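**Q** Mind looking at a prediction? Sequence and model below.
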Amino acid sequence: MAVDDADAGDAIAIDDADEIAANIEENTVEKTAEDENNEISASEEGQVLSKDQSEDVLSTNPVKANQYKIEFTKDVFKISGKDGGDISFDLTVCSKKGYYKYNFYVESYNVADLANPVIKDHFYSTSDSSDTYDYPYNPKEIAPGTYLVVARNVYDNEIMDSTLLAVSGTAVITANNYKGVYTSGTKMTVKVTDKDTGLPLKYAAIKAVFTKGKTTVTKSYRSGANGQFSFVPPVGVGTWTVTFSSDVSWISVAAVKKTVTVTKAPAKVKAFKAREYKGYKMTLKAKVTSKGKNVNEGTVAFKINGKTYKASVKNGIATAKVSLKKVKTYKYTAKFTSSNFKASKAAKAKAILKKSFKTKIISKHYKVYVFEKKNAKVQIKTKEGKKVKGGKLKIIFEGQSMTVKVNKKGVAKIPLKGLSVVDHFVGFTKKGETYKKYITKKIKVKYIPSSHKYRSSSAKVKASSVFKCPGPGCGKTSSHYHMGHDSYGVPYKHFYAVV
C-alpha cells in the first residue's frame, strides 16, 4: 500500500534506536547501545576537569592529537534528565616540553542532528597531569534523548574518541484521532513534550503500533526540532487503533491510544480502443486513477464477447490479452475494484479485430557461375497477389542463418556465390577430365512481417552453381578441348568433359 514520505524535519523514520551511526564532517564514528536490559549508567568516580577560561593564544605551541590521548571509559553513559550527571574519560597528557598538555573540544550532538552541537566546551592546559576526569552535564542544558559525544582536537580537528549518552526523562505525547481518505495525503500530527519542563522534546524516538483485528503495523518516528512529527498513517481502509510509546528504554512515556479511520478513495477508469489482426491476441488496456494520481493496486475486470478477464493494476495500468475469432468491431467494458478504493463505474471502449493476410514467397531457379557473386531476388506477396512491403527475410543455409530486409516493393535479396571448380570436379573418367555442370542447392527462407496485418510464410529457393572453364580466355560451360604440350614439346589435345 502507498505511504507518503514524512516531511523533512517532522517525521524521520528510524530503524533501530540501539544502532546509531554518526558522521560528523569527515570523521565517521559508530557506537552501538547495549540492550535495554543492561545497565548503562556511569558510576566511575573521577576528577572534574575544569575549563580553562583564559584568552591565551593557543597557536604558539599547538598540540597534535597523536601527542596526547583521550578515551571515554564507556561506550554508553546514562544520566538523569532531571538531575543531570557525569561522563568520564581517561586523559593521557602530552609529554613534550614546550607544548600544551591537551587542547580539545567536548561536543554533544543529538543523534538526529549531527550538524549542530547542543553543547560545546573547550578544554586546554599547560600543567594538568594524566588522570581520569569527569565531565558534568547540567539538566538545564540538555534535554532527555540520545546524544553522540565526541572529543575533538582543536589543532587538526581530529575526533579522538566518542561515546553515546542516554539522557533519561519522561515525555508526554499529545495527539488527536485521525480521519482521512486513503491516498489523500492527509497527515496525523503528534506532539512530544518534556514532562519536567513542559517544553517541546526535540528528536524523540516514538514507536507507533497500528492494530485492526489480527493485523498489526509497526512504525518508528522522530519528533522534529519543534517537538512534533506528522505522517500519513501507513494503513489501509478501516478503523484502526494506534498506540504511541517510547522507542528507547531511557525515555518513559505513558502509552497513548488514538483512533485512525481511513475511508475508501474514489477511483476512475479509462478504457482504450484496441486494434488487432485475426490470428493474434487482442490487448485490452485500462488506466486507473484517483484524484489524478495513478493507482497501484486492485483489479480491473474486462468483459468482452461474453467472457470476463481480470488483470492487476500496476502504476495505473491494467492489460489483458484475449483471443477473438470473428473479424468485426467488439465492445468491451473495464471496471476497477479494490479493498481501499470505491468500485469504479464501468468504462466502455471498442476492440476492432481486422482481417489478416496470408503471404507467399515467390522466387525462380537462380543460376550462378563458379566463383561468381549474384543476388537472388524473391518477392513477398499476399495469397491474393498484392505486394507486401516491409519486414525481414530469414535465410537458413547449411547450418548458418542471416537476415535481410524486405524493401518497399516487397523484394528481398539473397546473396549468392558460385562454388569453386574443385567442387564441380568429378574425377578422371573414360571421357577424360570430368566436371559436373550443375550443383543445385535449396535455401530455406522465412518471411517475418513487421505488422500483424500479414502472416509469416516459408519457402525453399533453388540455386545452382554452373561450371565455367577457368582457363585463360576460355569460359566455356560445356565439354571442350584445350591444346597442350608434353615435356618434349609435342602438342596434344586435352579434353574437358562437362556432364
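**A** Great, that's in hand.
**Q** can I see the domain layout of this structure?
**A** Using automatic domain parsing, the domain parsing of the chain gives 19-168, 268-354, 359-481.
**Q** Out of these, which is closest to Asn176?
**A** Smallest distance to Asn176 across the domains of the chain (CB to CB): 22.9 Å, for domain 268-354. (Glycine included, C-beta is placed from N, CA and C.)
**Q** quick one: which of the domains of the chain is nearest Val256?
**A** Comparing the domains of the chain by their distance to Val256 (CB to CB), the top pick is domain 19-168, with 17.1 Å.
**Q** of the domains of the chain, which approaches Gly224 most closely?
**A** Gly224 lies closest to domain 19-168 among the domains of the chain, at 8.7 Å (CB to CB).
**Q** tell me which residues of stretch 104-123 are tucked away?
**A** 104-114, 117-119, 123 (16 or more other CB atoms under 10 Å).
**Q** what's the span of that stretch, first residue to last?
**A** 5 Å (CA to CA, to the nearest Å).
**Q** can you check stretch 410-423 too?
**A** By CA to CA, the extent of stretch 410-423 from end to end equals 34 Å.
**Q** Flag every buried residue along it.
**A** For stretch 410-423, by 16+ other CB under 10 Å, it's 410-412, 414, 416, 418-419.
**Q** Off-centre distance for that stretch?
**A** Centroid displacement of stretch 410-423 relative to its chain, using CA atoms, centre = their mean, to the nearest Å, is 49 Å.
**Q** so for it, what's the average pLDDT?
**A** Averaging pLDDT along stretch 410-423 yields 92.
**Q** quick one: low-confidence parts of the stretch 251-400 of the chain?
**A** The stretch 251-400 of the chain contains no residues with pLDDT under 70.
**Q** I'd like to check which residues are in contact with the residue most central in space within the chain.
**A** With distances taken as CA atoms, centre = their mean, the residue of the chain nearest its centroid is Asn315 (14.9 Å). The contact partners of Asn315, by CB atoms under 8 Å, 6 or more residues apart in numbering, come to 294, 296.
**Q** again, only this time at 10 Å
**A** 287-288, 294-296 (CB atoms under 10 Å, 6 or more residues apart in numbering).
**Q** swap in Lys436?
**A** Lys436 sits in contact with 419, 423-426, 465-467, 498-499, where contact means CB under 10 Å, 6+ apart.
**Q** quick one, phi/psi of it?
**A** For Lys436, the backbone dihedrals (degrees, to the nearest 10) come out as phi -80, psi 130.
**Q** gap between it and Val490?
**A** As judged by CB to CB, to the nearest Å, Lys436 and Val490 stand 31 Å apart.
**Q** same check, this time on Val118
**A** 119 Å.
**Q** same deal with Asp113?
**A** 112 Å.
**Q** next helix or strand past the helix or strand hosting Ser464?
**A** Taking DSSP states H and E as the criterion, Ser464 maps to strand 457-466. Scanning forward in sequence from strand 457-466 by DSSP H and E, the next helix or strand is strand 480-485.
**Q** Quick check: buried residues in the helix or strand following that following strand?
**A** As assigned by DSSP H and E, the chain's next helix or strand after strand 480-485 is strand 491-498. Neighbour counts over strand 491-498 (16+ other CB under 10 Å) mark 496-498 as buried.
**Q** before we move on, what about stretch 435-453?
**A** Going by neighbour count (16+ other CB under 10 Å), the buried part of stretch 435-453 is 435, 437, 443, 445-447, 449, 453.
**Q** just those residues now: which is nearest Val235?
**A** Lys453 (50.4 Å).
**Q** For that closest one, which residues are in contact?
**A** Residues near Lys453 by CB under 10 Å, 6+ apart: 276-278, 280, 354-357, 382, 388, 390.
**Q** would you say Ile414 is within a strand?
**A** Yes - per DSSP: H, G, I helix; E, B strand; the rest coil, Ile414 lies within a strand segment.
**Q** What is the nearest of the contacts of Asn315 to Asn157?
**A** Closest approach between these and Asn157, by CB to CB: Asn296, at 47.6 Å.
**Q** need the next SSE after the longest strand anywhere in the chain, C-terminal direction.
**A** Assignment by DSSP state E gives strand 159-175 as the longest strand of the chain. Following strand 159-175 in sequence order, the next helix or strand is strand 178-181 (DSSP H and E).
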